[in-house]
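S.K.: The following comprises the amino acid sequence and a computationally predicted model.
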Amino acid sequence: MDFSIIIPAFNEKDRLPKFLLSLVNDLNKINLNGEIIIVDDGSRNQDYQSYLTLQKTENIPIVILRHQRNLGKGAAIQTGFKVAKGAW
């Protein structure tokens with residue numbers, strides 16, 4: 001795996017889906033092998049569910065992790081690093 005993109009998210013259901021669709025489209029154009037990791041940092045449950053729905057309905061290859069409560073952006077990034085498999 002070439003790279004890992006870690007996205008910390010807190011109540012981002014209105015912005016994140018559009019961004020992810022664009023990101024995946026762009027990554028497919030350049031044909032790199034990587035992963036996208038979203039770390040939901042204690043968002044409202046409907047936000048977290050929207051990420052799961054997007055993953056299933058759009059077939060976007062993303063890993064979704066969740067903090068039960070907001071721990072901050074730094075903690076979300078550290079959580080993502082723990083599961084990242086990319087060389088970059």
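M.R.: Nice, thanks for sending it over.
S.K.: per-residue confidence at residue 52?
M.R.: Model confidence at residue 52, given as pLDDT, is 84.
S.K.: Does it belong to a helix, a strand or coil?
M.R.: Following DSSP: H, G, I helix; E, B strand; the rest coil, residue 52 is assigned to helix.
S.K.: so it touches residue 64, yeah?
M.R.: Yes. Counting by Cβ atoms under 8 Å, residue 64 is a contact partner of residue 52 at 6.3 Å. In this view, the C-beta of every residue, glycine as well, is placed from N, C-alpha and C.
S.K.: In this protein, which residue is most central in space?
M.R.: Closest to where the C-alpha atoms of the chain average out (Cα atoms, centre = their mean) is residue 38, at 2.1 Å.
S.K.: Checking that residue next. Helix, strand or coil?
M.R.: Following three-state DSSP, residue 38 is assigned to strand.
S.K.: residues contacting the residue nearest to residue 69 when sequence neighbours are not counted?
M.R.: Nearest residue to residue 69 in three dimensions, chain neighbours excluded: residue 42, at 4.5 Å (Cβ to Cβ, 6 or more residues apart in numbering). Residue 42 makes contact with 10, 66-71, according to Cβ atoms under 8 Å, 6 or more residues apart in numbering.
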